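Colleague: need the 3D shape of this:
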Amino acid sequence: MAKLTKKQKEAKAKIDSSKVYSLNEASSLVKEITSANFDASVDLAIRLGVDPRKANQMVRGVVTLPHGTGKDVKVLALVTPDKEAEAQEAGADYVGLDEYLAKIKSGWTDVDVIITMPSCMGKLGPLGRVLGPRGLMPNPKTGTVTMDIAKAVKEVKAGKIDFKVDKTGIVHAAIGKVSFDADKISENANELIQTIIKLKPTAAKGTYIKSAFISSTQSPSVQLDLKSL
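Modeller: Numbers count the residues shown, from 1 in each chain. Below you'll find the model as predicted:
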């Protein structure tokens, strides 16, 4: 087991391991216990009472965080020439089609989100092995395959994120930065939690949200009081 540094010990000492914290308390505490010398991400991990191996218990969705993610999201718009101006005006960082498909094929994936049109999806299919494992494959369910390119780009830039339960039944998502005010962290976290609650599969039995933890890139995790959600 790795030895804790002095700062990590100090941070851990501020958390009462026998206690669960309200979302407001946890949002303030995660700011207090983060000692990183950069603007660390704040992450939410929610364990769900679902079996992700079963298609009727898959939890996946999108949410627009009210205060954004704090991250400069790099967007690639893979579009036909008639849509290029629309994508550029909306704020896409990279715009084009064949030249970017060639770059991706050769290993380039220096983007956070790819947005495309239904007519272009056929060209992306062969790149699934590159894009899929990185979570970059556009999907109509998350709004990244659409004819309204401008709207999709603006939403992603404004803080729209997609999330998916992993094979262990946990949803992980970055919900802001430690430089955010505690109330903004809390409001972003609450928006994600309420969205996940609305997506409860009818096939899921028993307790749906089993536990939830908030942490930053280098801080210990703080357990949330589920009754306060």
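
Colleague: for this structure, what are the low-confidence residue spans?
Modeller: The model of the chain has pLDDT under 70 over residues 1-4.

Colleague: burial count for residue 218?
Modeller: Other residues within reach of residue 218, judged by other CB atoms under 10 Å, total 18. Where C-beta positions appear, they are placed from N, C-alpha and C, glycine not excepted.

Colleague: which SS state does it fall under?
Modeller: Classification of residue 218 into helix, strand or coil gives coil, according to DSSP: H, G, I helix; E, B strand; the rest coil.

Colleague: wait, it touches residue 38, no?
Modeller: No. Contact between residue 218 and residue 38 fails when scored by CB atoms under 8 Å: they sit 9.1 Å apart.

Colleague: can you pull the contacts of the residue nearest the centre of the chain?
Modeller: Centre of the chain computed as the mean C-alpha position; nearest residue by CA atoms, centre = their mean is residue 173, 3.9 Å away. The contact partners of residue 173, by CB atoms under 8 Å, 6 or more residues apart in numbering, come to 43-44, 161, 163, 192.

Colleague: and the longest helix for this protein?
Modeller: For the chain, the longest helix by residue count, based on DSSP state H, is helix 182-198.

Colleague: identify the residues contacting that helix?
Modeller: Applying CB under 8 Å, 6+ apart, the external contacts of helix 182-198 come out as 23-24, 26-28, 30-31, 42, 44, 46, 48, 59, 61, 63-67, 163, 171, 173, 175-176, 180, 208-209, 212, 214, 229.

Colleague: what about 6 Å?
Modeller: Applying CB atoms under 6 Å, 6 or more residues apart in numbering, the set of residues contacting helix 182-198 from outside is 23-24, 27-28, 31, 42, 44, 61, 63, 65-67, 173, 175-176, 229.
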